[in-house]
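[1] my questions are about this predicted structure, shown below with the sequence.
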Amino acid sequence: MSNPFLPIQTTMPTSSLYVNLPITDLAKSTAFFTALGFSFNPKFTSEQASCLVINEHINVMLLIRPFFAGFTPKPVTDAHESTPAFMSLSVASRAEVDALMEKALAAGAVEHSPAKDHGFMVQRGFFDLDGHAWEIFYLNEAEFPQQ
């Protein structure tokens, strides 16, 4: 049986990833992620969108719902009612998992599952202000189980 936690090997050149999320209130969502310690790229920020910077290659575009709807012919789901996506964010330590989770809860997030400790990996999860599911995890590859 294969281990679902094995890292995927790729030869793809480094690219940037922009995840787009529909949100209700741009100011509140921007303030929420700022409280978690994230910054925003003003080049891609307007009255309709904020560009949340995860790192130099990963960004999350927070788009007000009507603006988001202009990019897709499908209905825009309400993340409070369904889970159209699940964002997982790796951090550098177990302590950072807890610290970021506590910041999220203090800023208005709701914890969606209890902490999980697999020995080699720790996970915690929350729903942001718009109901989007986020997971914060630390993976220690040195403790990763061998097959």
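    Yep, it's here.
[2] residues contacting Phe126?
    101, 104-105, 109-112, 133-134, 136 (CB atoms under 8 Å, 6 or more residues apart in numbering). Heads up, the C-betas are built off the backbone N, CA and C, glycines and all.
[3] starting at the chain centroid, how far to the helix or strand hosting Phe137?
    For Phe137, the host element (DSSP states H and E) is strand 133-139. On the basis of CA atoms, centre = their mean, to the nearest Å, strand 133-139 is displaced by 8 Å from the centre of the chain it belongs to.
[4] what is the mean pLDDT for it?
    Throughout strand 133-139, pLDDT has a mean value of 94.
[5] and it, which strands flank it?
    Using DSSP bridges, strand 133-139 pairs in its sheet with strand 86-90 (parallel), strand 121-127 (antiparallel).
[6] could those go into TSV alongside mean pLDDT?
    What follows is the strands paired with strand 133-139, written out as TSV (pLDDT from 0 to 100):
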stretch	mean pLDDT
strand 86-90	91
strand 121-127	95
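[7] the protein: strands as residue ranges?
    17-23, 39-40, 49-55, 58-64, 86-90, 110-117, 121-127, 133-139 (DSSP state E).
[8] format the ones you listed as CSV; extra columns: distance to His80.
    What follows is the strands of the chain, written out as CSV (distance: least, CB to CB, whole Å):
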stretch, distance to His80
strand 17-23, 11
strand 39-40, 24
strand 49-55, 20
strand 58-64, 16
strand 86-90, 15
strand 110-117, 10
strand 121-127, 8
strand 133-139, 11
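[9] circling back to that earlier point, what angle sits between the strand holding Phe137 and strand 110-117?
    Computed by axes from the mean of the first three to the mean of the last three CA atoms, to 10 degrees, the angle separating strand 133-139 from strand 110-117 equals 20 degrees.
[10] contact partners of strand 133-139?
    Counting by CB under 8 Å, 6+ apart, 5, 79, 83, 85-94, 96-97, 100-101, 104, 109, 112, 120-128 sit against strand 133-139.
[11] buried subset of these?
    When those are checked for burial by 16 or more other CB atoms under 10 Å, the buried set is 79, 87, 91, 97, 100-101, 104, 109, 121-128.
[12] nearest to Val19, of these?
    Met87 (6.7 Å; CB to CB).
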